[in-house]
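Visitor: have a look at this prediction, sequence included:
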Number of protein chains: 2
Amino acid sequence: MSLRAVLLITLQRDPGTGYDILQRFKTGLAHVWQASHQQIYRELDKMRAAGLLDCETVPQAERPDRKVYCITASGRAELDAWLAAPLGPSPVRQPLFAKFFAWDAWPADARQQELTALQAQLEERMQAYAAIEKEWFSDPQGLTPDERAPWHTLRLGQRLTEAWLAWIEEVLEE
Amino acid sequence: MSLRAVLLITLQRDPGTGYDILQRFKTGLAHVWQASHQQIYRELDKMRAAGLLDCETVPQAERPDRKVYCITASGRAELDAWLAAPLGPSPVRQPLFAKFFAWDAWPADARQQELTALQAQLEERMQAYAAIEKEWFSDPQGLTPDERAPWHTLRLGQRLTEAWLAWIEEVLEE
DNA sequence: CGCACAAATGCAACTAGTTGCATAATGCTA
DNA sequence: TAGCATTATGCAACTAGTTGCATTTGTGCG
């Protein structure tokens, strides 16, 4: 259900094609939602069939046609309903924790490798966050509430990533 | 794939039935993995068919038979392979962030309700962590490395939950 | 007594997401 | 000039997880 909501949100802000949305998932929405192009195209088509979206085919010279989707009144109603309803709890699934519970069977070198790889990945993420913050949110106090909201999600991303990094350091010290 | 690995891990430690594993997912493994009984039973049967598990049916007087599963050599090999291979990155899917990106369409009362509900849930989780820590890990320095590993996962759970709570407070102050 | 809950298992149908393949033009680069 | 990335869409088959229903007996509660 949530992919559908995310598509409604982004199309409500800006109509676009499946490909456009794929690009958004790689840039501005990267720390919100990710989905493959197959999933996006399929979901958009289902939503159009359900009357949540309108679709206009724009032919292009020498390129495949662009199918530009845009939200309908019924799509907007579905989005409003989704926003009003509280999110359910998401099930816990931590494969890394599972490895910790198999500590005695987990080879020390694999352990080391896993944790340092994760560390590198998290540090990269911190840098990506910093770059986004610098580019878009250099003056958080000067933003409208609507513009501040995405900045808050960035802040949480930073807090969580910092917590992960501190923990990895603690574990690696052993 | 990870459910399979988690089942291998817990059965390697202690053979048991699907029902037993369901109970473990509700207690000791609650912050590691969660799955419904249907998923567990189905996966166990598939794993038995694939030769990863042995199954012994224990008839009980006046109760449904218990099917006790226990890991085979080939199951153990699969577990070792899983432990040795680094985990892939998990896709980002944050429905709450999505709501923040639809800030202007998100009614203030729904927002308030969502965040305070989440806050209550996280505080409950902190208490659950504290209870587990008190019961099982009151002396972390006195544990063997193997016993310390689950304690580390608890510590990360605490750190992440604290980060969430601090963030919610920051957001609610607006 | 009747009702809910725990113990113990399972089928069937569904939604969500992944993987592999296919098409077809343009532009870049080794 | 051959090969690879980008733009733009899609089918088919698969794995993973959810939801709803069903069975059978014992135990505790009001």
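Guide: That came through fine.
Visitor: list the contacts for residue A:108?
Guide: Taking C-beta atoms under 8 Å, 6 or more residues apart in numbering or on different chains as the contact definition, residue A:108 lies against nothing. No exception for glycine: its C-beta is placed from N, CA and C like everyone else's.
Visitor: can we see that at 10 Å?
Guide: residue B:145 (C-beta atoms under 10 Å, 6 or more residues apart in numbering or on different chains).
Visitor: which parts of chain A sit against DNA strand C?
Guide: By the rule C-beta under 7 Å from any atom of the strand, the part of chain A lying against DNA strand C is A:1, A:2, A:3, A:4, A:35, A:36, A:38, A:39, A:62, A:63, A:64.
Visitor: these two touch, right, the fifth one and residue A:10?
Guide: What it means is residue A:35. No: Residue A:35 is not in contact with residue A:10 according to C-beta atoms under 10 Å; the separation is 11.4 Å.
Visitor: in terms of neighbours, single out the busier of the two.
Guide: Taking neighbours as other C-beta atoms under 10 Å in any protein chain shown, residue A:35 and residue A:10 compare with residue A:10 leading, 23 against 19.
Visitor: tell me the buried residues in the helix or strand hosting residue A:168?
Guide: If you go by DSSP states H and E, residue A:168 is part of helix A:145-172. Residues A:148-150, A:152-161, A:163-165, A:167-168, A:171 are the ones in helix A:145-172 that count as buried (16 or more other C-beta atoms under 10 Å in any protein chain shown).
Visitor: near chain B at all, stretch A:155-170?
Guide: Yes: Stretch A:155-170 reaches chain B (C-beta under 10 Å from any C-beta of the partner chain) through A:155-168, A:170.
Visitor: all strands of chain A, in order?
Guide: A:53-60, A:63-71 (DSSP state E).
Visitor: tell me the angle the longest one makes with strand A:53-60.
Guide: On the basis of axes from the mean of the first three to the mean of the last three C-alpha atoms, to 10 degrees, strand A:63-71 is oriented at 160 degrees to strand A:53-60.
Visitor: how far out from the middle of the chain is strand A:63-71?
Guide: From the chain centre to the centre of strand A:63-71 is a distance of 22 Å (C-alpha atoms, centre = their mean, to the nearest Å).
Visitor: and it, does that touch chain B?
Guide: No: residues of strand A:63-71 are not located near chain B by C-beta under 10 Å from any C-beta, the shortest gap being 11.0 Å.
Visitor: anything in that strand near DNA strand D?
Guide: Yes: applying C-beta under 7 Å from any atom of the strand, one finds strand A:63-71 in contact with DNA strand D at A:63, A:64, A:65, A:66, A:67.
Visitor: just the buried ones from those?
Guide: With burial judged by 16+ other C-beta under 10 Å, the buried subset of those is residue A:67.
Visitor: what residues are shared contacts of residue A:35 and residue A:10?
Guide: Residues touching both residue A:35 and residue A:10 (C-beta under 10 Å, 6+ apart) are A:21, A:25, A:29.
Visitor: in a markdown table: the residues you listed, plus distance to residue B:76.
Guide: A markdown table is the format used below for the shared contacts of residue A:35 and residue A:10 (distance: C-beta to C-beta, whole Å):
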| residue | distance to residue B:76 |
| --- | --- |
| A:21 | 44 |
| A:25 | 39 |
| A:29 | 42 |
